[in-house]
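Engineer: one predicted model, sequence on top.
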Number of protein chains: 4
Amino acid sequence: MSLNLDTAQSIIAEALAAAQQQGFKPLTVVVLDAGGHVIAAARQDGASNNRFEIAHGKAYGALALGMGSRALMERAEDQAYFIAAAAAAIGGRLIPVPGGVLVRGGDGALQGAVGISGDSSDNDESAASKAIQATGLTAQIA
Amino acid sequence: MSLNLDTAQSIIAEALAAAQQQGFKPLTVVVLDAGGHVIAAARQDGASNNRFEIAHGKAYGALALGMGSRALMERAEDQAYFIAAAAAAIGGRLIPVPGGVLVRGGDGALQGAVGISGDSSDNDESAASKAIQATGLTAQIA
Amino acid sequence: MSLNLDTAQSIIAEALAAAQQQGFKPLTVVVLDAGGHVIAAARQDGASNNRFEIAHGKAYGALALGMGSRALMERAEDQAYFIAAAAAAIGGRLIPVPGGVLVRGGDGALQGAVGISGDSSDNDESAASKAIQATGLTAQIA
Amino acid sequence: MSLNLDTAQSIIAEALAAAQQQGFKPLTVVVLDAGGHVIAAARQDGASNNRFEIAHGKAYGALALGMGSRALMERAEDQAYFIAAAAAAIGGRLIPVPGGVLVRGGDGALQGAVGISGDSSDNDESAASKAIQATGLTAQIA
């Protein structure tokens, strides 16, 4: 299974279904390829204006530094100035809270990342991880 | 019919189906709401890295100035410096070639825009217009 | 043969050797992966301050739109305002003159791009193409 | 010994050799001249997407304020808002953690800077310092 458009659309559908089942607030889901470029995105009705940018920054930042955005948060807790500077160095495309999850194939190779924003960061991350795993790919949250 | 996520996903599906039927190159489709914020996006396998940004700029620019991106091209033919300055003023989010199409409801009210990039600008625009009309909404190309 | 750091360093060495043999001015060579991220770069003694940015923009722009930078120049000759807008949409990282060459593997898969700046655009492109081919990979100039 | 391309390539080779010997994670090394312009760069296989930008920001920021990036970190610990503002003022090109090391000649004259990112900041800095000294130049870490 590779992270092509079909898989990305499945991840979005799975994430939105899981969110609905658990009564989450409206989510925005962004799927990026390994180079950090958008494959697919969806913002649910009722989500606020710039949720795309927030979800994108979780996923892009994860790929930028090679760790799930939960690890970016941990680094921000220790050295907020480093994460602020890293975000500025890559054009603001780094949001250091959970919900940006790396996607790996069966061989462990990096295939891209999923970013979700809209509910609590923990719930955003949970929806991303479940959706990735539902497609047979592996989720890395930190 | 309003331009919510379901409609946006239908527009994307219609555009990609029309493109496949006519043998277009891989397309990227971006659907924005009336405020210029991403509702949904899809980049077909084989599309180059930054086609999201190009498709986005066609749609965002159309909403920015209130005309389809074909009209932006006409203005660029007359006054390239105006379009360059307008693009700079809005953070580069304006691509003045066909393929950015405004979406209006039955009452003529503006609901958003669709941007497509990947094949010739004329074909990009044609796919966008057909996809919008297939959902019962109205396409404005200029 | 894939475009890893060893191959990138070989491409740089080949390009600088070819340039010296033909008496080119000091060159700057940038090698990007398929996602547009720097693998390696070298600026020869005597090259001016921002040759890295010029060489980078040739390679990054080629990957952004999926064509060698010679094709970007042809498009700029036809529609300068489109190329100016595309450059602005991707943060200025697009230089539409020859010297940005796509790198493909034996199977045709895109592996990255090489950008060279310093001599005439034609000579920059020639050095990039020869260097890519010397490593057993395929060069796409347009 | 001056910081020309040959020396920069030696510094990169020394840093990567030292890193391999000590089992560091994949490193990215950027060498800048005294004006802050790229001389050479290398990103090892397996390093994440934007390590070039992080390594570059350590070196560029060091030159920007005339101190190794360890001193930038100390200033960030005291006055995070100053470092954030300084980074913003120079386009985000300042990363205030160790690993950005100034390069001086035998006479103490500033010749450039080396930035490394990939392992812990302390290890990044250690690799940079050793590599600079191996070429006969002097490393200034703070």
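Structural biologist: That came through fine.
Engineer: how about the helices in chain A?
Structural biologist: In chain order, chain A shows helices spanning A:5-21, A:51-65, A:69-78, A:80-89, A:121-134, with DSSP state H as the criterion.
Engineer: any chance of the ones you listed in JSON lines, plus mean neighbour count, distance to C:Ser121 and mean pLDDT?
Structural biologist: Where you see a C-beta, it was placed from the backbone N, CA and C, and this is true even at glycine. Output for these, formatted as JSON lines (neighbours: other C-beta atoms under 10 Å in any protein chain shown; distance: least, C-beta to C-beta, whole Å; pLDDT from 0 to 100):
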{"stretch": "helix A:5-21", "mean neighbour count": "20", "distance to C:Ser121": "35", "mean pLDDT": "97"}
{"stretch": "helix A:51-65", "mean neighbour count": "27", "distance to C:Ser121": "32", "mean pLDDT": "98"}
{"stretch": "helix A:69-78", "mean neighbour count": "19", "distance to C:Ser121": "41", "mean pLDDT": "98"}
{"stretch": "helix A:80-89", "mean neighbour count": "23", "distance to C:Ser121": "30", "mean pLDDT": "98"}
{"stretch": "helix A:121-134", "mean neighbour count": "23", "distance to C:Ser121": "44", "mean pLDDT": "98"}
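Engineer: make TSV out of those helices and add distance to C:Ala8.
Structural biologist: Listed next are the helices of chain A as TSV, based on distance: least, C-beta to C-beta, whole Å:
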stretch	distance to C:Ala8
helix A:5-21	29
helix A:51-65	20
helix A:69-78	28
helix A:80-89	22
helix A:121-134	31
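Engineer: list just the one of the ones you listed that sits closest to chain C.
Structural biologist: Evaluated over the helices of chain A, closeness to chain C peaks at helix A:51-65, with 8.5 Å, by C-beta to the nearest C-beta.
Engineer: for that closest one, packing partners?
Structural biologist: Helix A:51-65 is packed against strand A:28-33, strand A:38-43, helix A:69-78, helix A:80-89, strand A:100-104, strand A:110-117, helix D:51-65, with contacts defined by 3 or more C-beta pairs under 8 Å, 6 or more residues apart in numbering or on different chains; DSSP states H and E.
Engineer: one more time with 7 Å
Structural biologist: Using 3 or more C-beta pairs under 7 Å, 6 or more residues apart in numbering or on different chains; DSSP states H and E as the contact criterion, the elements in contact with helix A:51-65 are strand A:28-33, strand A:38-43, helix A:69-78, strand A:100-104, strand A:110-117.
Engineer: now do that helix against helix A:69-78, angle only.
Structural biologist: 80 degrees (axes from the mean of the first three to the mean of the last three C-alpha atoms, to 10 degrees).
Engineer: run the angle between helix A:51-65 and strand A:110-117 for me.
Structural biologist: Going by the same axes, to 10 degrees, helix A:51-65 makes 150 degrees with strand A:110-117.
Engineer: and the gap between the residue lying closest to A:Ile54 once chain neighbours are set aside and chain B?
Structural biologist: Nearest in space to A:Ile54, with sequence neighbours left out and distances taken as C-beta to C-beta, 6 or more residues apart in numbering or on different chains, is A:Ser117 at 4.0 Å. Taking C-beta to the nearest C-beta, to the nearest Å as the measure, A:Ser117 falls 12 Å from chain B.
Engineer: hmm, back to that, for A:Leu63, find the nearest of the helices and strands packed on helix A:51-65.
Structural biologist: strand A:110-117 (5.0 Å; C-beta to C-beta).
Engineer: so for the closest one, mean pLDDT?
Structural biologist: Per-region confidence: strand A:110-117 scores 98 on mean pLDDT.
Engineer: partner strands of it and their direction?
Structural biologist: Within its sheet, and counting by DSSP bridges, strand A:110-117 is paired with strand A:28-33 (antiparallel), strand A:100-104 (antiparallel).
Engineer: output those in JSON lines, with mean neighbour count appended to each entry.
Structural biologist: Putting the strands paired with strand A:110-117 into JSON lines (neighbours: other C-beta atoms under 10 Å in any protein chain shown) gives the following:
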{"stretch": "strand A:28-33", "mean neighbour count": "30"}
{"stretch": "strand A:100-104", "mean neighbour count": "28"}
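Engineer: any chance of the ones you listed in JSON lines, with mean pLDDT too?
Structural biologist: Conversion of the strands paired with strand A:110-117 to JSON lines gives the following (pLDDT from 0 to 100):
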{"stretch": "strand A:28-33", "mean pLDDT": "98"}
{"stretch": "strand A:100-104", "mean pLDDT": "98"}
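Engineer: for those, give me JSON lines that also has distance to C:Gly66.
Structural biologist: Formatted as JSON lines, those follow (distance: least, C-beta to C-beta, whole Å):
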{"stretch": "strand A:28-33", "distance to C:Gly66": "14"}
{"stretch": "strand A:100-104", "distance to C:Gly66": "23"}
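Engineer: list the contacts for the residue nearest to the spatial centre of chain A?
Structural biologist: The geometric centre of chain A, computed from its C-alpha atoms, lies nearest to A:Gly115 (C-alpha atoms, centre = their mean), at 1.7 Å. Contact criterion C-beta atoms under 7 Å, 6 or more residues apart in numbering or on different chains gives A:30, A:55-56, A:58-59, A:99-100 as the residues in contact with A:Gly115.
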